[in-house]
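Trainee: Build me a model from this:
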Amino acid sequence: MEETKGLVLQSLDYKDNHKILYLYTAVGHQTLLAYGVKKMNNIQRFLSQRGSLIQYKTPKKPMDSLCDGELLNGYDSIKEDPTTYTRMLHILELVRHVIDDHSNHPKMFQFLVKIFDQMNQLKDAELYQYIFELKLLHFIGYGLNFKQCNICGNNKDLVFHPSSGGVICRHHIKDFSVTYPYDTYESLAHLYFIDISQDTPRQLSSTERSHISDIIALLYDEFVGYQTKSSKILQQMKKI
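Mentor: Predicted coordinates for the structure are as follows:
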């Protein structure tokens, strides 16, 4: 039996002392039954916590029991900060509900681990959330266009137009269209194309962050149609 690494996306109570674990791995989504993990004396209790990176024996059946598990990374620094942990939960929710079975799972799993490693080092969690959200759009087939007007191909005097999934020139802005200026879409492109294995995202102003957050929300409404529970909590946190 081979060993598998997986991120715990969600953990649900099952009967008195058990839990059902929904995991994401390099081979896709998996579901495991974790027997007795709610008992305080169970050595595998910490393996069932959301956002933990664990290693376990590959199950033989679609929903087998968790056995010989090992905690590889509990991402303790993330979980110590309520806002950062909520950002992590937001990402985990997107993975569970948006990524389908036919995706490039090895690539996404590796990317997820890199994102959480950076966030766990007390890097700017907000920016890494935006990086993940933008790259996820590309990953599921909704790549953004930053090169030329989606309508006429012009590459000058461009603004970002969320409903078009990219930039358009000012000649094609219609009444009531939601658009964002050059500096905003330049920052958006920076986060969209960045390689987090080699580069650190540059710092953005509060205005740029607000615009990018709004753009991502519009893009997900337009092309994904799914809003996480954690994103609603993050919105409430901003108002406090």
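Trainee: ok now do A26, which residues does it touch?
Mentor: A26 makes contacts with T4, K5, H105, P106, F109, Q110, as judged by Cβ atoms under 8 Å, 6 or more residues apart in numbering. C-beta here means a position set from N, CA and C on the backbone, and glycine is covered the same way.
Trainee: Return the members of those residues classed as buried.
Mentor: Listed as buried from these are T4, K5, H105, F109; burial here means 16 or more other Cβ atoms under 10 Å.
Trainee: I91: which of those residues is nearest?
Mentor: I91 has its nearest neighbour among the buried ones among the contacts of A26 in F109, at 12.7 Å by Cβ to Cβ.
Trainee: Identify the residue nearest that closest one in space, chain neighbours excluded?
Mentor: A26 (4.3 Å; Cβ to Cβ, 6 or more residues apart in numbering).
Trainee: Name the nearest residue to N73, ignoring sequence neighbours.
Mentor: L53 (4.2 Å).
Trainee: The one you found contacts G6, doesn't it?
Mentor: Yes. Counting by Cβ atoms under 8 Å, G6 is a contact partner of L53 at 7.5 Å.
Trainee: These two - which one has more neighbours?
Mentor: G6 (26 against 20; other Cβ atoms under 10 Å).
Trainee: just checking, the more buried one is part of a helix?
Mentor: No. Read with DSSP: H, G, I helix; E, B strand; the rest coil, G6 is strand and lies in no helix.
Trainee: Distance check, it against V167.
Mentor: 38 Å (Cβ to Cβ, to the nearest Å).
Trainee: Helix, strand or coil: sort out the residue nearest the centre of the chain for me.
Mentor: The residue lying closest to the centre of the chain (Cα atoms, centre = their mean) is I91, at 3.1 Å. At I91 the chain is in helix, as set by three-state DSSP.
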